[in-house]
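K.L.:
could you work out the structure for the sequence below:
(chains A and B)
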Amino acid sequence: DAKTTQPPSMDCAEGRAANLPCNHSTISGNEYVYWYRQIHSQGPQYIIHGLKNNETNEMASLIITEDRKSSTLILPHATLRDTAVYYCIVRKTNSGYALNFGKGTSLLVTP
Amino acid sequence: SQTIHQWPATLVQPVGSPLSLECTVEGTSNPNLYWYRQAAGRGLQLLFYSVGIGQISSEVPQNLSASRPQDRQFILSSKKLLLSDSGFYLCAWSLGLASSYEQYFGPGTRLTVT
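P.N.:
Below is the predicted model:
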């Protein structure tokens, strides 16, 4: 699996967009970018994934650069409940079952 | 829509006692099911996964076992708990192999072995 690099922490004001970056410069052509988050004392929550096109769902948008070496998760209007650790993972879709999180980015949304 | 239930939410058990944690999924058929453990301040560790009734694969050797008696029921058990079994136990589900990395988690059980 390609290695990912995320900033350890970020702050965002409530109501503003939170843009969480992820570098994955060694990504291969058949690897997807997945994003999860984990709110304190809760189970991880799947957010979104993509291959090369930008993706949007009810939770977030995923912007993947044209060379696929980096991506950004965008929470368009952050709320206090979005405070969590956000994990970027790069995997082939049929390469096993185990979710392996790195250290992720701890996002703090402030009033 | 799909929902996943786990119980109990918290559990305190003495060393050497048995364990049974239950997970059920609603709103989907033939899901893949998973048991993970998360130790305090650590990452996720996949313990077991199941692709069908009675089919259990173990990822790590341990004194835990898993069973899948029904399509949407997954049980984690131990005959004798160890102190090192303390942790946050999470059940998850996903669809088939192509979507296996899109997993949906339950609320978890926080187990403390004393």
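K.L.:
can you pull the contacts of the closest residue to chain A within chain B?
P.N.:
The minimum distance from chain B to chain A, using Cβ to the nearest Cβ, falls at B:Phe105 (3.3 Å). C-betas here are computed from N, CA, C, even on glycine. Going by Cβ atoms under 8 Å, 6 or more residues apart in numbering or on different chains, B:Phe105 touches A:Gly43, A:Pro44, A:Gln45, B:Ile4, B:Tyr36, B:Leu90, B:Cys91, B:Ala92.
K.L.:
filter these down to the ones in strands?
P.N.:
If you go by DSSP state E, those have A:Gln45, B:Ile4, B:Tyr36, B:Leu90, B:Cys91, B:Ala92 in strands.
K.L.:
could you single out the nearest of those residues to A:Cys22?
P.N.:
A:Gln45 (16.7 Å; Cβ to Cβ).
K.L.:
ok, now which ones touch that closest one?
P.N.:
Neighbour list for A:Gln45: A:Tyr36, A:Arg37, A:Gln38, A:Ile39, A:Ala84, B:Phe105 [criterion: Cβ under 8 Å, 6+ apart].
K.L.:
report the beta-bridge partners for it.
P.N.:
Beta bridges link A:Gln45 to A:Arg37, judged by DSSP bridges.
K.L.:
let's see the pLDDT reported for it.
P.N.:
pLDDT recorded at A:Gln45 is 95.
K.L.:
from A:Ser70, how far out is it?
P.N.:
23 Å (Cβ to Cβ, to the nearest Å).
K.L.:
quick check: nearest residue in space to A:Glu31, chain neighbours excluded?
P.N.:
Nearest residue to A:Glu31, sequence neighbours excluded (Cβ to Cβ, 6 or more residues apart in numbering or on different chains): A:Val90, at 5.0 Å.
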